[in-house]
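In: build me a structure from this.
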Amino acid sequence: MENVSNTASGGQEKLAEQDEILVPEEETRKVRDILLTLVKTKRAFEMYPSNNPILGKFQDELFHRFESFLGENGRLCLVIKQQDIYYKGRSVYHNAEKDDNLALLFYKDGLRELTFTDGLSTDELTDFLDVIRVRPETSAESFDDDIATLLWEKDFLHLSYFVVEEFIEGPTSEEEEEAGRMMERKTPDGEFVEAYEDAVQEEEKPREIFSPLESISMGFQGMFSLGEEEVKSLKEEMEALTDENFLVTAISALFESLYIDRGTRDFEVLMDNLDSALNYLIHNGGFATAALILRKFNELKADKETFTQKEADRFNSSITKAGSESRVKAIADVLNSGRDIDLEAMRQFMGFLGRSSIIPLSNLMAEIQDMKYRRYLIDVLVLLGRDNVDVLAAGLKDKRWFVVRNVAVILGRIGDKNALEHLRQALSHPEPRVRREIVRSLGMVGGPKAGEILLHAAQDQDPQIRMAALRYLPAAQSYSMIDNLIEMIMRPDFPDKTLPEKRVFFEVLAEVGQEHVMPYLLKTFKKKPFFSSTKTDELRVVAAYGLGNIHRNDAAEALKTEMPKAKKGTPLYDAISYSIQKLTAPNGAAGSAAGVM
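Out: Model (predicted):
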């Protein structure tokens, strides 16, 4: 199969000549002016209250520019790259800086194409500005603050978009190796429910929170039978030593004492005081020292030659309590307090928690306000959940919709095909935001079985979810779905679907079928009914978009042949122009519509 982008050496020169015909300089200038005004209005939107006359002036100018352009051309389709925004293959915005970069703002959230159509209202433009304005990371709105989600929730009538999924950078190989060693020592499956219930019961009992120094003092009192005055004197000396290294050394001394006092009453005294110190550290953000304690608990639990099963169970009980509901809520309070947090220490601490902490930690995403902390939490849950997919999937049955969505996010990141059946059952959830996230996760897992479930989701009552499901179908890597897609296109109600949805159907059909569906696309594209109607014309339009995904020279030639016959400014003309640019532009400058709409 020949790729059109690898044409002869004169291809780029021909493209430049074609640009001059397809995109007059005056048309390009108007698009640049719109984007320049958009940037200025966005800044004003972030600086001034909604009733400020300065902001009103910027908004009026922006609306008039959009109204004039769309009135002349019908639509404005912008293709997004990291540093550039393109219009019909030409760069109309460039910014190499990271700050105040409109292209990067869209690109980092996976947005690859924005299309404005004639009829755009002032209310829609105001809603769009509200979506793209800068939000503080501590804002409550930041829980769903990726632009694609906010656009989806606004449900625009005259604005459509395409998104590809960007993934948060995962943990390093060293962290995965450390987490792998930790997970090898996880609680056996049969003990999970019992361990979790025991932790919950113990957490119901009110406990006094002692500082690490107080706990260590009491620990030494248990070890050496010190009197009250001696303990008081010891505490005063220890409180004068605030160096973190001393605290670590003192805790290490308590752990060494566990070897000495195993099998005695003092063993339990030492464990109680270590638990108390751990509780204090969690409530006060001392994650580095808390991680040290959990790491030691895991090491001692695995030392079966030295410690009895009862003592190993005691270590495991302390690990389970560290990840219980109440301790996790305390973590949320610390992260929302605004204090400086050692992110790496926090991730190490969470990585040492037991599998019973998976559901409480997934719930934590709804409590944390700062985006960067949620990203770290996702990394942790991916590591904890890899060997515990069934445990994590139990959260899909939670009554709280946001918990179900959070669990779906993690399952998608893990990418384990064992999660597919759980995701399929959750696809009937009444909350659209949950179904949307499940569709995203199905696409991330991929494979033929995921494709079957996505085909079912492509019939969802919500059109945005239907289109998202279609866009993920290529990840299924199965030619068997071609017949399913054609069957859905041939249904009597298909012409009644919106133009954007029909476009997605044809682009995905082309992406999956390539040369196998090209005859069907060409037939639909060239078919000119005796009596023209909007619905029949739209089939030609979406077939033209589909041909833009066929990576063959003859697809591009068919589009070029029909180009002079199409009336400029019509949807058919725009579709042919877009697909030609997409197939012939060097380095994919025309962009790709693959993604979620």
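
In: return the distance of residue 419 relative to residue 265.
Out: According to CB to CB, to the nearest Å, residue 419 stands 46 Å off from residue 265. Just so you know, the C-beta spots here come from the backbone N, C-alpha and C atoms, and that holds for glycine as well.

In: ok now stretch 98-111, how far from the chain's centre?
Out: Mean C-alpha position of stretch 98-111 versus that of the full chain (CA atoms, centre = their mean, to the nearest Å) differs by 15 Å.

In: only alpha carbons, please: show it as CSV.
Out: Only the C-alpha atoms of stretch 98-111 are listed here, as CSV (Å, rounded to 0.1, in the frame of the first residue of the first chain):
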residue,chain,number,x,y,z
LYS,A,98,5.4,27.4,27.3
ASP,A,99,3.6,30.3,29.0
ASP,A,100,0.4,31.8,27.6
ASN,A,101,0.6,29.4,24.6
LEU,A,102,-2.9,28.9,23.1
ALA,A,103,-1.8,26.0,20.9
LEU,A,104,-0.1,24.2,23.8
LEU,A,105,-3.2,24.9,26.1
PHE,A,106,-5.3,22.8,23.6
TYR,A,107,-2.6,20.3,22.7
LYS,A,108,-1.7,19.2,26.2
ASP,A,109,-5.3,18.1,26.9
GLY,A,110,-5.4,16.1,23.7
LEU,A,111,-7.4,18.6,21.6
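
In: hang on, the earlier thing: so residue 419 and residue 265 - more neighbours on which side?
Out: Ranked by neighbour count (other CB atoms under 10 Å), residue 419 and residue 265 place residue 419 first, with 25 against 8.

In: how close does that one sit to residue 403?
Out: Taking CB to CB, one finds residue 419 at 16 Å from residue 403.

In: do a quick rundown of the helices in the stretch 251-400 of the chain.
Out: 265-283, 287-302, 309-322, 325-335, 343-351, 358-364, 371-385, 389-393 (DSSP state H, counting those that start in this stretch).

In: so which of those helices is the most packed in?
Out: Most buried of the helices of the stretch 251-400 of the chain by mean neighbour count (mean count of other CB atoms under 10 Å) is helix 358-364; its value is a mean of 23.

In: for that one, packing partners?
Out: Judged by 3 or more CB pairs under 8 Å, 6 or more residues apart in numbering; DSSP states H and E, the packing partners of helix 358-364 are helix 325-335, helix 371-385, helix 389-393, helix 401-414.

In: run through who's touching that helix.
Out: 323-325, 328, 331-332, 350, 353, 377, 380-381, 384-385, 388, 391-392, 394-395, 398, 400, 403, 406-407, 410 (CB atoms under 8 Å, 6 or more residues apart in numbering).

In: would you mark the buried spots in the host helix or strand of residue 93?
Out: Assigned by DSSP states H and E, residue 93 belongs to strand 90-94. Buried residues in strand 90-94, counted by 16 or more other CB atoms under 10 Å: 90-93.

In: identify the farthest-apart pair in these.
Out: 90 and 93 (10.4 Å; CB to CB).

In: anything in contact with each of these two?
Out: Contacts common to residue 90 and residue 93, judged by CB under 8 Å, 6+ apart, are absent.

In: residue 505 - how many residues pack around it?
Out: Residue 505: 22 surrounding residues under other CB under 10 Å.
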